[in-house]
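1. Quick one, fold the following:
(chains A and B)
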Amino acid sequence: MSRKTERLVNLTIALLATKRYITKSEIFRTVDGYEGTAESKERMFERDKDDLRNLGIEIEVGSFDPLFEDEAGYRIKPDRYQFQLGEVTSQEISLLSLAAEAWRGAALDGSALTALRKLHAIGIESDIESIPDLAPHANIRDKNLQIAIGAITSRQKITFKYLSEELTEQDRKIAPYAVTSRYGHWYLYGMDLEKLGIRSFRIDRISGDISPEGKTGSFEVENNFDLASLSSNVDEVRKAVIYLRAGRAIALRSRSVSSSTQSDVAGWDKVELSFRDTERFIEELLWYGDDAIVISPKDVRDEIVKRLELGVKRYG
Amino acid sequence: MAKQATSPIAKTARLLDLVPFISTHQGIAIKDLAKEFAVSTEELLDDLNTLWMCGLPGYTPLELIDLSFESGYVSIRNAEILQKVRLLTKEELVVIAIGLDFLKESLSKDREDLLLAIGSLQGKIKSLIGDIAQVTPTVDSSHRAIILRALKERRNLEIEYHSLIRDQITTRAITPLELGEDRGVEVLLAYCNSAKGFRTFRLDNVKKAELLDSSEVISNSKKDSEELFRAKCRVDARLRTTFERFRLETDLATAATLSSRKGITVEVTSFSQDWLVRNFMSTLANTEITEPAELAKTVGAKAQATLELYKNPHFSS
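-> Below you'll find the model as predicted:
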């Protein structure tokens, strides 16, 4: 049995039950567990308030009596304590639970477990039959994802070492805004406090642990930050026309934006597709070797020819 | 279950969650309750004993929470104040929001009811925590569910699989063995009846999955010994991207080799020579194969064949 736990639960009950603010001295007098000198009770109470806040329990501070300049009073508003998604149907419970299940064995499974417990505690039977058989899975164990999300939700700045293209570690300091996952990689977005602009970082390229810095609530997200447009618009979109050998280069083919793949060369299809990162696109085309021939843009075609000539010279 | 010390804070959180849970599950067996809260029976009994000492100021039997659990089943009375389910913390909301993203992508368009329900839940969550997470899953959750079921029921599967190395989509009958992870990608280890050997399938490349009725146990006798191909090369530029591409540990690049500015010589390996050839084609500008000579020759021939097509008037711009 833990005296500390007991005191925290009793404090929560007392602050939840009261309709008016109760003062510190009332708390010390009536809530079980506050013992010792005035000073040590004071310290105990301050720590308890922080601990409850860390559990997401908001303690409201107010004036005990507005007519007098009295000592501060405390209470927990029931509607700031209880489940905040309102009335939920059994189908919604199933969806929420299934969503949390995605984190089993992954980073953040601690939060997933506590969320599941709360959902189950609502006491509505989940209606799993109404949902097709789905088994989502967040395939990431990187501890840094959890640190990043913790910092995002508490608005705490962070520092970390980031691996550059030259494989050197660079120190970064950012105000973290959001996380995304695309093509199987997880990214962290934030305001780079040295470069003064929004930057994205691939979480697996962060070397070592992310360290939170300074106080929580120490920044505001820029008003014009828009996750939806950022994550899909990093570079300018360009169009390419490519010949693909019939039946080959399946992944490229599936990205085609043209309605017809008809071409004037027998055994070859002609597709049009868009790309953003030119260097990556060139490497991707070269992966398919003589199954993919790019016609335009010219700079991409010229660069590929140049690299092929280098390869022939070097290995031929 | 391994006994782990819980911090008073974590224990407090658990007690606050136990009250509403027991209230809606009156008479629940102690062992079921322990399982739900992922603690040992002893720890749970300790929790219940602590809870018993809690209540409203005054702490007479009238004010204390009343629990009965001697019979092995738990019920609770006099706990109205804590009966409400606690709010979800911000981190819990993020976890759920991302999970809902995963679900949404795997639902077929004709389940409009579910898509609407997910949309409305996501809207509620967004209004509480803002727009701080967005996920596009690469694995179809419905395929994954079928794979899990096959593993559990020990049944065979028919999958449509896109091999990026072979650049083809094939249909294979497989006996699934276990799920694993390979550098951030979830993979299925299976015996492939089509290839007659053990194969690893990336879940994000499974295009279709269907349960088969057969559950025949496949003989392990034909365990094929796959050949590992090795090559040495020098990496001159785009180090990070190239290391990731060849699945090299970045700590291979020591400060000394980095400062020499002559590139880094590394050994790369794969079970597929084709994979090596394609990757060396992709990185023609950043890598130079030093050995084996045959591999260099193969890449050279591939480059030559590709270059010839670029010179072919059919493909001129």
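2. Residue A:216 and residue A:155 touch, don't they?
-> Yes: under the criterion of CB atoms under 8 Å, residue A:216 makes contact with residue A:155 at 6.1 Å. Every C-beta, even on glycine, is put in place using the N, C-alpha and C of the backbone.
3. Can you find the helix or strand of the chain with the lowest average pLDDT?
-> I went with chain A, as the question did not name one. Counting by mean pLDDT, DSSP states H and E, chain A has its least confident helix or strand at helix A:227-232, which shows a mean of 70.
4. wrong chain, I was asking about chain B
-> The least trusted helix or strand in chain B, going by mean pLDDT, DSSP H and E, turns out to be helix B:255-260, with a mean of 60.
5. Next, count neighbours for residue A:239.
-> Neighbours of residue A:239 under the rule other CB atoms under 10 Å in any protein chain shown: 12.
6. Now do the same for residue A:222: helix, strand or coil?
-> coil (DSSP: H, G, I helix; E, B strand; the rest coil).
7. Hmm, I typed the wrong one, I wanted residue A:195.
-> Per three-state DSSP, the local secondary structure of residue A:195 is coil.
8. Just give me how far stretch A:204-213 sits from the chain centre.
-> What separates the centre of stretch A:204-213 from the centre of its chain is 14 Å, taken as CA atoms, centre = their mean, to the nearest Å.
9. Give me the contact list for that stretch.
-> If you take CB atoms under 8 Å, 6 or more residues apart in numbering or on different chains as the criterion, stretch A:204-213 is touched by A:142-144, A:147-148, A:150-151, A:156-163, A:169, A:173, A:185-186, A:188, B:184, B:240, B:250.
10. what's the offset of stretch A:148-161 from the middle of its chain?
-> With CA atoms, centre = their mean as the basis, stretch A:148-161 stands 10 Å off its chain's centre.
11. end to end, how far does it reach?
-> End-to-end distance of stretch A:148-161 (CA to CA, to the nearest Å): 14 Å.
12. and if you look at stretch B:201-211?
-> Length of stretch B:201-211, first residue to last, CA to CA: 16 Å.
13. From residue B:116, how far off is the residue in the stretch 151-300 of chain B positioned nearest to chain A?
-> Closest contact between the stretch 151-300 of chain B and chain A, by CB to the nearest CB, is at residue B:300 (2.9 Å). Computed as CB to CB, to the nearest Å, the residue B:300 to residue B:116 distance reads 57 Å.
14. if you count what's nearby, which of the two comes out ahead?
-> More crowded of residue B:300 and residue B:116, by other CB under 10 Å: residue B:300, with 18 against 10.
15. can you give me phi and psi for the residue in the stretch 51-200 of chain B positioned nearest to chain A?
-> Per CB to the nearest CB, residue B:99 is where the stretch 51-200 of chain B lies closest to chain A, at 2.8 Å. Backbone torsions for residue B:99, taken as degrees, to the nearest 10, come to phi -60, psi -40.
16. Tell me the pLDDT of the residue of the stretch 151-300 of chain A found nearest chain B.
-> Of all residues in the stretch 151-300 of chain A, residue A:153 sits closest to chain B, at 3.7 Å by CB to the nearest CB. What the model reports for residue A:153 is a pLDDT of 92.
17. That one against residue B:133, yeah?
-> No: the pair residue A:153 and residue B:133 fails to qualify as a contact (CB under 8 Å) at a distance of 10.0 Å.
18. anything in contact with each of those two?
-> Common neighbours of residue A:153 and residue B:133 are listed as residue B:94 (criterion: CB under 8 Å, 6+ apart).
19. Could you chop chain A up by domain?
-> Domain ranges of chain A: A:3-81, A:90-130, A:143-232, A:238-315, per automatic domain parsing.
20. scratch that, chain B
-> As assigned by automatic domain parsing, chain B contains the domains B:8-82, B:90-129, B:141-222, B:229-313.
21. what pLDDT, on average, does the shortest one get?
-> What that stands for is domain B:90-129. When pLDDT is averaged over domain B:90-129, the result is 92.
22. Go through that domain and flag the buried ones.
-> Of all the residues in domain B:90-129, those buried under the rule 16 or more other CB atoms under 10 Å in any protein chain shown are B:90-104, B:106-107, B:114, B:117-118, B:121-122, B:124-125, B:129.
23. related to what we said a few turns ago, so which of the contacts of stretch A:204-213 belong to helices?
-> With helices defined by DSSP state H, the entries of the contacts of stretch A:204-213 inside them are A:143-144, A:147-148, A:150-151, B:240.
24. Mind picking the one among the residues you listed that's closest to residue A:35?
-> The shortest approach to residue A:35 among those belongs to residue A:150, at 33.3 Å (CB to CB).
25. Can you report phi and psi for residue A:244?
-> When read as degrees, to the nearest 10, the backbone of residue A:244 gives phi -120, psi 130.
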